[in-house]
Structures are given as structure tokens and as C-alpha cells.
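[1] Provided below for reference: sequence and predicted model.
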Amino acid sequence: MQIQVYAILKNYFDKDFTVEEAVNTIESLNTILIQRNPSAKDILAGCRYAVNDNFVDNQFQLQPNDSIHIIPPSSGG
Amino acid sequence: MQIQVYAILKNYFDKDFTVEEAVNTIESLNTILIQRNPSAKDILAGCRYAVNDNFVDNQFQLQPNDSIHIIPPSSGG
Amino acid sequence: MTASTSYHPAAGDNANHLSATAIDIPALLASAHHPKAGAIVLFSGETRDNSHGREVSYLEYEAQETMANKMIADILKQANEKWQLNIAIAVHRTGKVAVSETAVVVITASAHRSEAYAANRFIIDKIKHEAPIWKCEYFTDGSKEWGGNCNCRQITGDASKHIYEFEK
Amino acid sequence: MTASTSYHPAAGDNANHLSATAIDIPALLASAHHPKAGAIVLFSGETRDNSHGREVSYLEYEAQETMANKMIADILKQANEKWQLNIAIAVHRTGKVAVSETAVVVITASAHRSEAYAANRFIIDKIKHEAPIWKCEYFTDGSKEWGGNCNCRQITGDASKHIYEFEK
């Protein structure tokens, strides 16, 4: 499963990386990411997940080939 | 006494003209102007008078050499 | 025109806020950047091709120039005192203004956007109600009409008291 | 860039609302005239030389580009439906933006000025809160910081619910 992170999340993870573990939902993916880097827990709690360019909720069912973007709060403008 | 009018008032008076009659106040000037052109009465009622580039009220005491501008409501922008 | 149309709090206001020729908006905007300003708001009032259901050919603006210039300078000063602006610029056309051309431009710059928007709106509303500037509409049917007067006096009973849109 | 950044209600929105190079504001403004529009409002968000008391060298913007572009297009569409605009344009920079350079520009045009101001404010507030675009501040002391995040979630309890300035 391909993950892409942005902005402040790049201080905690590589910009692009792969999760090989079997994950069915965003919630389980989130758990894995916190295991990988526990210091990212608070930051991740403020982020939203997008799958194929649409925001999804924690119960969203992931497919193995989904492209997942983790979206921190906006700071544009 | 030199009078200058603007905008819609030019439909009722010359742009620049002279009042030779002795007038002491804006109020008496206004009366003379209405005598000259009674159809301007309503329009004049909505206008303000300026003497030497300052707005003045009806009781303002005029001097013979004052330069008087009659200012219709704004329609700029 | 560029430098002379801005209000610089420190320098006072010796600007000319009226222009008998086309307003150079890119030049004014280029002069409105400021290293402390995070927000620039520009308003351009332009001639529409219609008014009260009639087809407009062009507008012509007349002003009592010395008073209008002084009053616009004073309005910019008020806005600056109220919102601590980095830049406040206003220029109003006189003479003929074709459809889609700018009749009046207001530019405000401040650290944050709320102040730039509020000040901009304040300035244009004040200019429209107070400055001795008048529009004559020339219609495509050949007729003309002095128009769109501020008629606040009918409500306030005082020609010097206005109902400003920014207060609504 | 000129034609492709505006929202034309009839044509839908195929514009690119992100730009990796300097935004050509005079060109955008020139494209925003409309014979039915009496009011054009332009907002330019620019890099300030300071932030939270520290001296800023420049900003760098990153975006999730496909989502940001789609969301900005949708925000312009919402504004157009709400205020019947003649023109609605928005472009946000990505990459490095120096002090006094434009990071984001919004242009709205409508028959009368109230709608142009309100729509402009709506669009910039929505973009700032919603669009997946992030600012990294580079300070003159050599440090950098991802900053100024929308933190509405702490108040609303929902990352998709924001408190917009235009509603205040």
C-alpha cells in the first residue's frame, strides 16, 4: 500500500513510503503508522486521510492497491 | 457674487454666473436662485453650499467676493 | 501617478486623487506592496453596459476637484487611523469612462486580510456618498441623465449624514 | 494562464488554480473585466517579512495538487452560485514565495460591489481553511517551520468543519 505525506508529516515519515502489512481500514493503517513513529501520534490525530483524491473516514475499507494521502490541516494563503 | 454649479444643476443654471443682488446669507441666496428658476426648487433643496471650498449652513454670512459652489448629492463611483 | 496617489501616514497626503486620464491599475498595484503587509485588497469600480434597464454607452464624471481631492485624502486618513494600514490609495476618474473601464480604484494593504477588506469597503462607500463627484450616464439611444445620486438625506434628514453600506 | 484561471459558469472549470511560478496579476486583472460587472475586487495574499515576531526570509508552499485544484474549483463554483458572479478567479502559488510576492490571488467581479467583496472574502477564507496547501516559513536565522495551520478542529471537533472569518 502506497502512502504519501505532506508538509509537517515529512518531519515524521518519508514523503513516499510503502506499508506491507495487511490493513483493512484507515483506522488500522493509522495504528501501524503510530507504531512506526510514536511521536507522530498527535500530529496524525489532526490529519485527514484521502484515498484516490477523496477524503475518507476511519472506517473506510482499503484495497491493497489504493493510493493514500495523509493531509495535515491547511495552512495556505 | 460668483456662483458655480455642478452636474444636474447645469440643467437649471449656467455653470458659472453672477448674482449682483445684495445677499447676506446662503438662505437669501437660495431664495434668489429659486426666483430665477422656480423649477430648480426641489433640486436645490437637496444640495449643499460651499464657500471657499468648505461646506456652510443656511445662516452662513456671505461676503461680496465669496466664491460659492453649489454641490448636489454625490454620485461618484 | 504611482507614488503620488498613495497615502503614506508619515508623509501626510499631497496626492492627487483625481485623474482625467485612464487609471494605470498595474502601476498602482505595483506601488502597493509592503514588506509588513500580508494582504492587499483592490476595488475597481467600472462602467457597466446597462443601468436601470437601459443600454449605457459611456459615463462622464464631473468633480468639484479641490474639495473632492481634499475629502478623499481625509477619508484615506480616517481609514488609516482606524485600521493601521500599510498602504491606502484611492483615485477617481473625471471625464469620459467607457464600458469596462475603471471609474474609481481603491487599494488597501495591511498585515492581515480583515483590515484590508474592511478599510477598502469603508473608503469606497465614503467616497461614493461624500465626495463631490457626479456621474452622467450617456445611453446608446442618445439620451443622457445625471444619475445615481446618494439620497440618504431623504432618510437621515441631513445632507451631511449618510447610511454607509459598510455599516449594514 | 490568463484565460484558464477564471471560472466561467457556462464553460465549467478546467482551470489550473495552482502556479509554480510568479502569478501575473496584471494579466489576471486584465482578464477580469466584464461589461455587466460594475465592481471588481482583487485580494492578494503576500509574504510578510515577519511572523510571530521572527524575521521571515521567504515562504515555500506545498500542495496536494490534484485535490487542491479540484477544491478551489469547487469553492469558486459555490461562490458563483451564491452571488451570481461575472468572474471568479483564484490562483495559489506552490514553491518559493519571497517577501512582498503574491502567494494567492482571488478576483471576483459582479454587477454591484457588495457581492464582489463578499464572494472574494468567502473564496479566500475557504481556500485557506480547506485546500490542501501548506506553508513552510523560512526564517533569516536559518530555521524553518511548517506553520499557521487551520486549527478549527480543536474547536469544532471535526476536521471537515471550519470557522470561517466571513461568517463572523
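    Okay, I see it.
[2] from now on I want contacts and neighbour counts done on CA atoms only, so please keep to that.
    Noted.
[3] lowest-confidence helix or strand of chain C?
    Every helix and strand of chain C was ranked by mean pLDDT, DSSP states H and E. The lowest is strand C:6-7, at a mean of 51.
[4] what about the helix or strand that comes right after that strand, distance to the chain center?
    As assigned by DSSP states H and E, the chain's next helix or strand after strand C:6-7 is strand C:18-19. Put simply, strand C:18-19 sits 10 Å off its chain's centre (CA atoms, centre = their mean, to the nearest Å).
[5] adjacent strands (with direction) for strand C:18-19?
    Looking at strand C:18-19 with DSSP bridges, its partner strands are strand C:87-93 (parallel).
[6] and the helix or strand just after the partner strand, how far out from the chain's middle?
    Counting by DSSP H and E, the next helix or strand C-terminal to strand C:87-93 is strand C:95-98. Its chain's C-alpha centre and that of strand C:95-98 lie 15 Å apart, by CA atoms, centre = their mean.
[7] helices and strands around strand C:95-98, which ones?
    Packing partners of strand C:95-98 (3 or more CA pairs under 8 Å, 6 or more residues apart in numbering or on different chains; DSSP states H and E): strand C:54-63.
[8] is chain D contacted by the strand it packs on?
    No: figure legend: strand C:54-63 not in contact with chain D (CA under 8 Å from any CA of the partner chain); closest approach 10.1 Å.
[9] what's the answer for stretch A:65-77, then?
    Yes: counting by CA under 8 Å from any CA, chain D is contacted by stretch A:65-77 at A:Ile71, A:Pro72, A:Pro73, A:Ser74, A:Ser75, A:Gly76, A:Gly77.
[10] what's that stretch in contact with?
    A:1-9, A:43-44, A:46-53, D:45, D:61, D:92, D:103-104, D:124, D:127-135, D:147-151, D:159 (CA atoms under 8 Å, 6 or more residues apart in numbering or on different chains).
[11] for chain A, what spans make up the strands?
    Listed in chain order, the strands of chain A (DSSP state E) span A:2-5, A:16-18, A:48-51, A:54-56, A:67-71.
[12] and the residue in chain A that chain D sits nearest to, backbone torsions?
    Across chain A, the shortest distance to chain D (CA to the nearest CA) belongs to A:Ser75, at 4.4 Å. A:Ser75 adopts backbone torsions of phi -140, psi 40, taken as degrees, to the nearest 10.
[13] that older thread, most neighbours of all the residues of stretch A:65-77 next to chain D, which one?
    Within the residues of stretch A:65-77 next to chain D, A:Gly76 tops the neighbour count with 29 neighbours, counted by other CA atoms under 10 Å in any protein chain shown.
[14] tell me the pLDDT of that one.
    Looking at A:Gly76, its pLDDT is 89.
[15] what do you get for C:His8?
    48.
[16] what's the answer for the one 10 residues further on, then?
    Note for C:Leu18: predicted pLDDT of 98.
[17] isn't it right up against C:Ile89?
    No: counting by CA atoms under 8 Å, C:Leu18 sits too far from C:Ile89 to count as a contact (11.3 Å).
[18] quick one, which of the two is more surrounded?
    Taking other CA under 10 Å, C:Leu18 and C:Ile89 do not tie; C:Ile89 has more neighbours (28 against 21).
[19] just checking, that one touches C:Ala109?
    No: counting by CA under 8 Å, C:Ile89 does not reach C:Ala109; the two are 9.1 Å apart.
[20] and the helix ranked longest in chain A with chain D, contact?
    Using DSSP state H to define each element, chain A has its longest helix at helix A:26-36. No: Helix A:26-36 does not reach chain D (CA under 8 Å from any CA); its nearest approach is 15.2 Å.
[21] got the contact list for that helix?
    Here helix A:26-36 makes contact (CA under 8 Å, 6+ apart) with A:Val23, A:Ala40, A:Lys41, A:Leu44, A:Tyr49, A:Asp57, A:Asn58, A:Gln59, A:Phe60, A:Gln61, A:Leu62.
[22] that helix vs strand A:67-71, what angle?
    Put simply, helix A:26-36 runs at 70 degrees to strand A:67-71, going by axes from the mean of the first three to the mean of the last three CA atoms, to 10 degrees.
[23] which parts of helix A:26-36 are buried?
    Residues of helix A:26-36 classed as buried by neighbour count (16 or more other CA atoms under 10 Å in any protein chain shown): A:Ile26, A:Ser28, A:Leu29, A:Asn30, A:Leu33.
[24] could I get the average pLDDT for it?
    Per-residue scores along helix A:26-36 average to 97.
[25] what residues does chain C have near chain B?
    Checking chain C against chain B by CA under 8 Å from any CA, the hits are C:45, C:61-64, C:66-67, C:92, C:103-104, C:124, C:127-136, C:146-151, C:153, C:159.
[26] same thing but at 6 Å, please
    Proximity of chain C to chain B (CA under 6 Å from any CA of the partner chain) is limited to residues C:Met67, C:Val104, C:Lys128, C:His129, C:Pro132, C:Ile133, C:Trp134, C:Lys135, C:Trp146, C:Gly148, C:Asn149, C:Cys150.
[27] so the third one, which of the three states?
    Local secondary structure at C:Lys128 is given as helix here, using DSSP: H, G, I helix; E, B strand; the rest coil.
[28] how much space between it and chain A?
    Distance, C:Lys128 to chain A, by CA to the nearest CA, to the nearest Å: 31 Å.
[29] okay, now that residue: neighbour count?
    C:Lys128 has 20 nearby residues by other CA under 10 Å.
[30] kindly report the same for the last one.
    Other residues near C:Cys150 come to 18 when the count uses other CA under 10 Å.
[31] in what helix or strand does it lie?
    With DSSP H and E as the test, C:Cys150 turns up in no helix or strand.
[32] got a list of what it touches?
    Going by CA atoms under 6 Å, 6 or more residues apart in numbering or on different chains, C:Cys150 touches B:Pro73, B:Ser74, B:Ser75, C:His129.
[33] same question, the third one
    Taking CA under 6 Å, 6+ apart as the criterion, C:Lys128 is in contact with B:Gly76, B:Gly77.
[34] ok, it to D:Pro26 distance?
    According to CA to CA, to the nearest Å, C:Lys128 and D:Pro26 sit 25 Å apart.
[35] please apply the same query to the second one.
    Computed as CA to CA, the C:Val104 to D:Pro26 distance reads 17 Å.
[36] can you check C:Ile87 too?
    Taken as CA to CA, the span from C:Ile87 to D:Pro26 is 19 Å.
[37] what about stretch A:16-33, how long is it end to end?
    Stretch A:16-33: ends 13 Å apart by CA to CA.
[38] smallest gap between chain A and chain B, at which residue?
    Nearest to chain B in chain A, going by CA to the nearest CA, is A:Gly77, at a distance of 30.0 Å.
[39] where do the strands sit along chain C?
    C:6-7, C:18-19, C:39-46, C:50-51, C:54-63, C:87-93, C:95-98, C:102-110, C:133-139, C:144-146.
[40] quick one: is the fourth one near chain D?
    So that's strand C:50-51. No: against chain D, strand C:50-51 shows no contacts by CA under 6 Å from any CA, the least distance being 7.1 Å.
[41] phi and psi next, for the residue sitting furthest away from the middle of chain C.
    Farthest-out residue of chain C from its mean C-alpha position, per CA atoms, centre = their mean: C:Asp141, at 28.4 Å. Main-chain torsions, C:Asp141, degrees, to the nearest 10: phi -80, psi 10.
[42] name the nearest residue to it, sequence neighbours excluded.
    C:Glu55 (7.8 Å; CA to CA, 6 or more residues apart in numbering or on different chains).
[43] what number of residues are in the vicinity of C:Lys168?
    Neighbours of C:Lys168 using other CA under 10 Å come to 5.
[44] what do you get for C:Trp134?
    For C:Trp134, the neighbour count with other CA under 10 Å is 28.
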